[in-house]
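Asks: The following comprises the amino acid sequence and a computationally predicted model.
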Amino acid sequence: MRRAPLLGVLCSGRGTNLQALLNAARAGRLPARVAVVLSDRAGAYALTRARRAGVAAHVVDPKAFATRAQFERALMRRLQAHRVRLVCLAGFMRVLSPVFVRRYRGRLLNIHPALLPAFPGAHAVRDALAWGAKVTGVTVHFVDEQVDHGPILLQEAVAVRPGETEASLLARLHRVEHRLYPKAVRLVLEGRLRVRGRVARAYRKA
């Protein structure tokens, strides 16, 4: 029997998108298994989610390393030890170096709460509200050497309602994220994406 591809998930916080991937895999909607969860923060609730699901979970504390390169080598050793095929960033609040990105090029995904290239960075929801945006959304993209910049796999728009708060908008964006991320991961794993330059297009296999 063919073994399911293995995912590695990098998290810094609550891990709601990790949970979405775990749920999709368990329900058979994602032809993969989460093999390992890594966090740069010991208190990240994502680690609890992973352990409850029987998934290996490790803290890789950047403060324990003299350089970012050493920290990232430790991440890569963990991913390699678990034979990870695809790496998913799920609220991982560190910028990865070009060395790490090149190691996993085409196998490194991120999800962002905005319609990139609008509102990149750590405060996308707050920034969209501050600009008075009428529409924002969710983007799943390949990671490249720039922040929130790689080829876009999937996007979905979300209207900003009158009187919207950061908390209310983020809650609605999360619901879209939890549906979109497993779908994007599935497209990658099934080889149903063609990437030319910045453009990624999904297609149906014959």
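Replies: Cool, the structure landed.

Asks: use CA for all of it now, contacts and neighbours both
Replies: Fine.

Asks: Pretty sure Leu115 sits against Leu154.
Replies: No: checked against CA atoms under 8 Å, the pair Leu115 and Leu154 is beyond contact range at 9.8 Å.

Asks: Tell me how many other residues crowd the nearest residue to Arg161 once chain neighbours are set aside.
Replies: Excluding the flanking residues, the one nearest Arg161 by CA to CA, 6 or more residues apart in numbering is Lys134, at 7.6 Å. Lys134 has 12 neighbours, counted by other CA atoms under 10 Å.

Asks: same check, this time on Pro117
Replies: Look at Pro117: counted by other CA under 10 Å, it has 11 neighbours.

Asks: go on, Arg107?
Replies: Number of residues near Arg107 (other CA under 10 Å) recorded here: 19.

Asks: And it, how far from Arg161?
Replies: From Arg107 across to Arg161, the span is 35 Å (CA to CA, to the nearest Å).

Asks: likewise Thr16?
Replies: Using CA to CA, we find Thr16 at a distance of 23 Å from Arg161.

Asks: cool, and Ala81?
Replies: Distance of Ala81 to Arg161, given as CA to CA: 46 Å.

Asks: Show me which helix runs longest in this structure.
Replies: Longest helix in the chain, counting residues (DSSP state H): helix 166-189.

Asks: picking that back up, okay, Thr16 and Arg161: which has more neighbours?
Replies: Thr16 (19 against 12).

Asks: which SS class is the residue nearest to Gly43 when sequence neighbours are not counted?
Replies: Once flanking residues are discounted, Gly43 sits nearest to Gly13: 7.9 Å by CA to CA, 6+ apart. Counting by DSSP: H, G, I helix; E, B strand; the rest coil, the backbone at Gly13 sits in coil.

Asks: doesn't Ala42 make contact with Gly13?
Replies: No: using CA under 8 Å, Gly13 makes no contact with Ala42, being 9.6 Å away.

Asks: Counting neighbours, go ahead and name the busier of those two.
Replies: Using other CA under 10 Å as the criterion, Gly13 and Ala42 rank with Gly13 on top: 19 against 15.

Asks: what do Leu115 and Leu154 both touch?
Replies: Common contacts of Leu115 and Leu154 (CA atoms under 8 Å, 6 or more residues apart in numbering): Thr139.

Asks: Could you check which of those two has the larger neighbour count?
Replies: Neighbour comparison, Leu115 and Leu154: the larger count goes to Leu115, with 22 against 19 (by other CA under 10 Å).

Asks: before we move on, the earlier item: can you give the distance of the longest helix of the chain from its chain's centre?
Replies: Distance of helix 166-189 from the chain centroid (CA atoms, centre = their mean, to the nearest Å) equals 10 Å.

Asks: Need the contact partners of it.
Replies: The contact list for helix 166-189, computed with CA under 8 Å, 6+ apart, reads 5, 16-17, 20-21, 24, 29-31, 111, 113, 125-126, 129, 137-138, 140, 153-156, 158, 160, 193, 202.

Asks: mind listing what's buried in that helix?
Replies: Neighbour-count burial for helix 166-189, counted by 16 or more other CA atoms under 10 Å, picks out 169-170, 173-174, 176-178, 180-189.
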